[in-house]
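Participant: fold the following and give me the result.
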Amino acid sequence: MKILRITTLLDFGGQEKQYISFTEKPELLHHTYVFAAIGFGGNAEKILRERGFEVHILNRNFSIKNLSNIWTVYKLIKKIKPDVVHTAAAEANFHGIIAAKLAGVKTIIGEEIGIPSHSPTAHKVFSLVYRFANKVIGVSQSVKNHLVKTREIKDQKGIVVYNPVSVVNFPNPDKALNPGNIQFNIVYVGRLEKVKNVETLLKAFAKIQNKTVYLNIIGEGRGREYLQRLAKELHINEKVSFKGFQKEPAPFITQSDLFVLPSYSEGFGIAAVEAMFQKVPVLCSNVGGIPEFVKNNENGWLFNPLNVEELTSKMEMIISMDYAERTRIGEKGYRDVIDQFTVEKYIENLEKIYSNE
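Facilitator: Next up is the predicted model:
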């Protein structure tokens, strides 16, 4: 079969990470895959091309209101002649599913990569659009439940397929050689956008009394300049380092003592799983799909993303924790996720959907 996977952008982000992990072992794929972005390309586009995949970048204004995108995607589908069209992200779902239906594609799969904050009108629009799809994938049970609750899909149409996470073989420094750890390193990896709530992380970090704690922020986004100004205003700019986008963030994660994900909303939370794959303890907001794999005080910690004081308190608790206990939490997190979110399992689950429709 030929599968056309359409998303909004092919630069960097959670969906792009999914594509990169999915294609890292081409020998496991049983079908021909073509990738397309309605908007612009970038890092993910480059990697997919280097791996030998056909990629189409439409460079369109991907707003749902730009209905001419449907015609553009329709023409692409007629040109490629796929057996399956699999869309992901709100704009790609809207334009891609309608275009695939008009093009007469037999199997249409939609995918919701986060928990959408749709208006009542948008709920009605997507409930109509999703009628054209054979199945709608949620990247966590929480995402599927939300779509069912808002009546965008019926329960039997929704299916949960967790994202794949690549195993990066980067050596984890033996911090036991320095159990007193003169410096405690915290890391955040993700987009610098409002929904990621890095502002709360900075405000909580500023309240930490320990003067030997440092924070690395890995990622890019529209909020970077504001966050850098905020760090200066909070007088923590000498202890906070903005590293920008990193093609491979694993070195920063493995050299950290704690990973923090403070998002207001997360469909899955792939960056947290990446940290757990590296046996680094995680402290995450208790939203979306995160509590499906992070269990508070068992294999990590959870907090309310609206509560700065709670985040500060939990960071201080973890910083003061015995090294051996913190290591035990990291090891438990690794054991809980290492077999659950593999590339092999993702490919098996996804291709089973394609074959059954």
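
Participant: low-confidence ranges, this protein, go.
Facilitator: 169-182 (pLDDT under 70).

Participant: which parts of it are helices?
Facilitator: For the chain, the helices defined by DSSP state H occupy 14-22, 43-50, 68-80, 90-102, 120-129, 141-149, 198-206, 224-233, 250-254, 270-277, 308-320, 323-337, 343-356.

Participant: can I assume residue 30 is in contact with residue 350?
Facilitator: No: counting by CB atoms under 8 Å, residue 30 sits too far from residue 350 to count as a contact (10.4 Å). For every residue, glycine as well, the C-beta is placed using N, CA and C.

Participant: thinking again about what came up before, mean neighbour count for the helices of the chain - can I get that in CSV?
Facilitator: Listed next are these as CSV, based on neighbours: other CB atoms under 10 Å:
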stretch, mean neighbour count
helix 14-22, 22
helix 43-50, 17
helix 68-80, 17
helix 90-102, 24
helix 120-129, 15
helix 141-149, 19
helix 198-206, 22
helix 224-233, 15
helix 250-254, 20
helix 270-277, 26
helix 308-320, 17
helix 323-337, 17
helix 343-356, 15
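
Participant: could you export those to a markdown table, including columns for distance to residue 242?
Facilitator: Shown next, in a markdown table, are these (distance: least, CB to CB, whole Å):
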| stretch | distance to residue 242 |
| --- | --- |
| helix 14-22 | 20 |
| helix 43-50 | 18 |
| helix 68-80 | 34 |
| helix 90-102 | 28 |
| helix 120-129 | 34 |
| helix 141-149 | 30 |
| helix 198-206 | 10 |
| helix 224-233 | 6 |
| helix 250-254 | 12 |
| helix 270-277 | 16 |
| helix 308-320 | 19 |
| helix 323-337 | 25 |
| helix 343-356 | 30 |
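
Participant: those: which one's closest to residue 155?
Facilitator: Nearest to residue 155 among the helices of the chain is helix 141-149 (5.1 Å), distances taken as CB to CB.

Participant: and that closest one, what does it pack against?
Facilitator: Secondary-structure packing of helix 141-149 (3 or more CB pairs under 8 Å, 6 or more residues apart in numbering; DSSP states H and E): strand 135-138, strand 158-160.

Participant: quick one: residue 211 from residue 315, how far?
Facilitator: Applying CB to CB, to the nearest Å, the value for residue 211 to residue 315 is 14 Å.

Participant: the residue lying closest to residue 221 once chain neighbours are set aside: neighbour count?
Facilitator: Leaving out its chain neighbours, the residue that sits closest to residue 221 by CB to CB, 6 or more residues apart in numbering is residue 192, at 3.2 Å. Applying other CB atoms under 10 Å, we find 23 residues neighbouring residue 192.

Participant: if I pick residue 192, what's in contact with it?
Facilitator: Residue 192 makes contact with 198, 217, 219-224, 227 under the criterion CB atoms under 8 Å, 6 or more residues apart in numbering.

Participant: show me the two of those residues that sit farthest apart.
Facilitator: With CB to CB as the measure, no two of the contacts of residue 192 lie farther apart than 217 and 222, at 14.3 Å.

Participant: which one's more surrounded, the two?
Facilitator: residue 217 (25 against 10).

Participant: so that one touches residue 198, yeah?
Facilitator: Yes: contact status for residue 217 versus residue 198: in contact at 6.6 Å, counting by CB under 8 Å.

Participant: find residues that contact each of these two.
Facilitator: 188, 192, 227.

Participant: quick one: which of those is nearest to residue 345?
Facilitator: Checking these against residue 345 with CB to CB, the nearest one is residue 188 at 27.1 Å.

Participant: the closest one against residue 201, yeah?
Facilitator: Yes: assessed by CB under 8 Å, residue 188 is found in contact with residue 201 at 6.1 Å.

Participant: which neighbours do those two share?
Facilitator: Shared contacts of residue 188 and residue 201 (CB under 8 Å, 6+ apart): 215, 260, 262.

Participant: so which of these wins on neighbours?
Facilitator: Busiest of those [other CB under 10 Å] is residue 260, holding 29 neighbours.

Participant: so what's the nearest residue to that one once chain neighbours are set aside bridging to?
Facilitator: Nearest-residue entry for residue 260: residue 283, 4.9 Å, with adjacent residues in sequence omitted and distances by CB to CB, 6+ apart. Counting by DSSP bridges, residue 283 is bridged to residue 260, residue 301.

Participant: okay, now the closest residue to residue 101 other than its chain neighbours: neighbour count?
Facilitator: Excluding the flanking residues, the one nearest residue 101 by CB to CB, 6+ apart is residue 132, at 4.2 Å. Neighbourhood size, residue 132 [other CB under 10 Å]: 15.

Participant: do you know how far residue 132 is from residue 66?
Facilitator: Distance, residue 132 to residue 66, using CB to CB: 19 Å.

Participant: do residue 257 as well
Facilitator: 45 Å.

Participant: who's more crowded, those two?
Facilitator: Using other CB under 10 Å, the more surrounded residue of residue 257 and residue 66 is residue 257, with 22 against 14.

Participant: how about the contacts made by residue 152?
Facilitator: 118, 123, 126-127, 130, 136.

Participant: before I go, just wanted to say thanks for your time.
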